[in-house]
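Enquirer: here are the coordinates; sequence isn't available:
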């Protein structure tokens, strides 16, 4: 009985520890090789190099943007305009949004937008910011790092997007 | 031992208060031929105890195959696999430790940028492109925030109108 209890306890803890991080990871892996999706992954090591690149860039980059980028540790993007609504619903179902704190959800003009944060400790700094968009296109963006939500707000006012050469489906509205 | 002493021991015996030594004394008394008349009635009892105590079985006891088969059927799964449980517990612990390590020290992520249909670039090219993509991602995020803010603000217009009417 003693051994049986130990077995059940460790199996339960072991399987539950795979948890949420793997749910997003497995979702990305599912569509990684699907040509209908565009996937971007930027690793923590890459972000360490970015801050140096940002400082020496020819074009002027706002200090707020540089500060924001230097605090990021990872970025994952998944986009498609194939069956966007279905993919959005699938993402909501597969990714346990219960483990995130919902910041904002808006539905208008056929567009569904959900902002979720993780590990906020009640403050303005979050460990992950997850953006889910459904409608004409499906977009999933996961920003990982020490993200200051107040800085995001400031960026919303000041950032100037220069074209969309690399991410074809960006929304300019 | 005299009669009164035996009477006392017997009384203690009936009250289940005798020691082993006292019971041995009683047993020896009733084995002897010098038993008082008032104690004769108990002779068979003490002699029976003595006979039973010295009996031993020398024959083999073998259970019938049916009884053995029945017993094995009734033995529960847990009892049968009990010796293996400690190994299963050790395996479960190792599985737990492995899953913790995989989460803490996740390996295998590419260091360079990988963007869907793009081929891998050199590290230097990756960094500049990664910065551009990050800035565009941030633009997209902030654009969505602005649009959301506008939607919320627009929805407040009817509420403000209603408040003005009330006031």
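Expert: Now that the structure is in, tell me what you want to look at. The structure presented is a predicted model; accordingly, all values stated were derived computationally and were not measured.
Enquirer: going forward, measure contacts between C-alpha atoms and count neighbours the same way
Expert: Will do.
Enquirer: where along the chain do the strands fall?
Expert: You didn't say which chain, so I picked chain A. A:38-42, A:72-80, A:101-108, A:111-118, A:125-134, A:138-148 (DSSP state E).
Enquirer: Switch to chain B, please.
Expert: B:114-115.
Enquirer: How about residue A:139, nearest residue that isn't a chain neighbour?
Expert: residue A:79 (4.4 Å; C-alpha to C-alpha, 6 or more residues apart in numbering or on different chains).
Enquirer: so what's that neighbour up against?
Expert: For residue A:79, the contact set (C-alpha atoms under 8 Å, 6 or more residues apart in numbering or on different chains) comprises A:37-39, A:137-140, A:169.
Enquirer: For it, report the pLDDT, please.
Expert: For residue A:79, the model assigns a pLDDT of 90.
Enquirer: which of the strands of chain A is buried the deepest?
Expert: strand A:38-42 (a mean of 25; mean count of other C-alpha atoms under 10 Å in any protein chain shown).
Enquirer: By mean pLDDT, which helix or strand of chain B comes out lowest?
Expert: One helix or strand of chain B scores below all others by mean pLDDT, DSSP states H and E: strand B:114-115, with a mean of 40.
Enquirer: and chain B, what are its domains?
Expert: Domain assignment of chain B by automatic domain parsing yields the ranges B:3-54, B:65-104, B:110-167.
Enquirer: looking at those, which is closest to residue A:86?
Expert: domain B:110-167 (20.2 Å; C-alpha to C-alpha).
Enquirer: can you list the weak-confidence ranges in chain A?
Expert: Within chain A, the ranges that satisfy pLDDT under 70 run A:1, A:3-4, A:6-7, A:10-23, A:51, A:53-61, A:96-97, A:120-122, A:157-173.
Enquirer: residue ranges of the helices in it, please?
Expert: For chain A, the helices defined by DSSP state H occupy A:2-16, A:19-31, A:44-55, A:63-70, A:84-94, A:149-158.
Enquirer: Identify the bridge partners of the residue nearest to residue A:139.
Expert: residue A:38, residue A:139 (DSSP bridges).
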